[in-house]
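[1] Next comes the sequence, and after it the predicted model I'd like to discuss.
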Amino acid sequence: MSYFFVMKKTFESRVFYIKEMLISMVPVIFQMFLGLFLGVYLNGVNPAFSSANEIMVYYFFSNVINNFQRNSPVYKVENEVISGNINIHLVKPYNFIFYILVKDIAVKIWKLAVTMIITFSIFALFYNINIGIDYFIRAFIAVPLAVLFINLNVSIFCYLSMIFEKIRRVSSVYGMLSFFLGGGLVSVKYFPEFIKYLPQYFYFGAPLDFIINSTYSYLPLFLIYTAIFIFINLALHKIVTRRIETNG
């Protein structure tokens with residue numbers, strides 16, 4: 001099976017659910033403007049950004065990444081495990097976790113495209129945002145890497161749900177902590193320095209710092225964490241496969 005084909009068909013199917021998608025975007029956009037308000041307020045108290053435009057660029061791309069920072073794949077895998085339908089997927093010639101993640105990314109890309117248009121239009125009309133082409137070039141590098149990193153974390157919880165079944169609450173708490181500690185709501189510039197050494201920093205803080213300031217000093221630590229999460233995924237995959245072969 002071609003995972004690209006799965007992503008393409010999922011992406012195309014979302015065209016028929018525009019109304020539902022627009023409704024689901026309301027809390028995401030509200031969350032972004034809440035962060036923007038906090039960012040402007042905190043920057044007035046303790047300046048961390050050089051201009052108001054820089055704050056808007058931060059929260060614009062923060063919203064882009066936040067579209068992918070969701071735990072829906074974990075819920076889907078857990079539901080399949082609890083319902084007993086997981087075995088139907090496991091006998092098919094594809095990696096079920098990767099299949100779920102690919103479909104989820106396709107849904108989020110479609111939602112992201114509409115969210116970006118609405119957000120940019122609001123910022124341009126009311127706040128006179130100016131996003132240069134250099135920001136988008138760096139975002140073209142940073143956002144996919146952030147999405148990869150986020151999905152490596154999500155896939156770990158997907159595998160854990162296949163082992164322990166009910167894991168969604170732990171996954172949700174981890175997701176909320178990652179959003180906050182990573183700089184999704186408030187820039188990590190207002191946090192203690194040790195935050196930059198946590199894996200959550202690579203959700204929002206590090207990629208946004210690269211987009212805005214071209215800073216890539218965090219790259220070695222990013223590669224180390226990525227290698228660790230890949231190893232954990234491979235180990236969990238082996239454990240799950242062994243359990244299936246043993247229990248049938």
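    Noted; the coordinates are in hand. Numbering: from 1, shown residues only.
[2] going forward, measure contacts and count neighbours with C-alpha atoms only.
    OK.
[3] Low-confidence ranges, this protein, go.
    Scanning the chain for pLDDT under 70 picks out the ranges 1-29, 31-32, 35-36, 39-41, 43-46, 84-94, 110, 122-129, 244-248.
[4] hey, which helix is longest across this protein?
    helix 133-164 (DSSP state H).
[5] helices or strands up against that one?
    Where contact means 3 or more Cα pairs under 8 Å, 6 or more residues apart in numbering; DSSP states H and E, helix 133-164 is packed against helix 52-66, helix 72-83, helix 96-122, helix 205-213, helix 219-247.
[6] Can you name the element that comes right after it?
    Per DSSP states H and E, the first helix or strand lying C-terminal to helix 133-164 is helix 168-181.
[7] Just the buried positions in the longest helix of the chain, please.
    Across helix 133-164, burial judged by 16 or more other Cα atoms under 10 Å covers 135, 138-139, 142-143, 145-147, 149-163.
[8] for stretch 166-177, which positions count as buried?
    Going by neighbour count (16+ other Cα under 10 Å), the buried part of stretch 166-177 is Lys166, Ile167, Arg168, Ser171, Ser172, Tyr174, Gly175.
[9] Now do Tyr58 against Lys196, distance only.
    Distance, Tyr58 to Lys196, by Cα to Cα, to the nearest Å: 17 Å.
[10] and those two? which has more neighbours close in?
    Using other Cα atoms under 10 Å as the criterion, Tyr58 and Lys196 rank with Tyr58 on top: 25 against 19.
[11] Distance check, that one against Val74.
    28 Å.
[12] Same check on Pro207?
    24 Å.
[13] what's stretch 188-197 in contact with?
    The contact list for stretch 188-197 (Cα atoms under 8 Å, 6 or more residues apart in numbering) reads Ala48, Leu181, Gly182, Tyr201, Gly205, Ala206, Leu221.
[14] ends of that stretch, how far apart?
    Its start and end residues considered, stretch 188-197 measures 11 Å (Cα to Cα).
[15] Now that stretch: buried residues?
    For stretch 188-197, burial by neighbour count (16+ other Cα under 10 Å) applies to Val188, Lys189, Ile195, Lys196.
[16] can you check stretch 106-120 too?
    Residues of stretch 106-120 classed as buried: Ala106, Val107, Lys108, Ile109, Trp110, Lys111, Leu112, Thr115, Met116, Thr119, Phe120 (neighbour count, 16+ other Cα under 10 Å).
[17] now the residues you listed in TSV, with distance to Asn79?
    Formatted as TSV, the buried residues of stretch 106-120 follow (distance: Cα to Cα, whole Å):
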residue	distance to Asn79
Ala106	20
Val107	19
Lys108	20
Ile109	23
Trp110	24
Lys111	23
Leu112	25
Thr115	28
Met116	31
Thr119	33
Phe120	36
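[18] Look up phi and psi at Leu185.
    Per-residue torsions, Leu185: phi -100, psi -50 (degrees, to the nearest 10).
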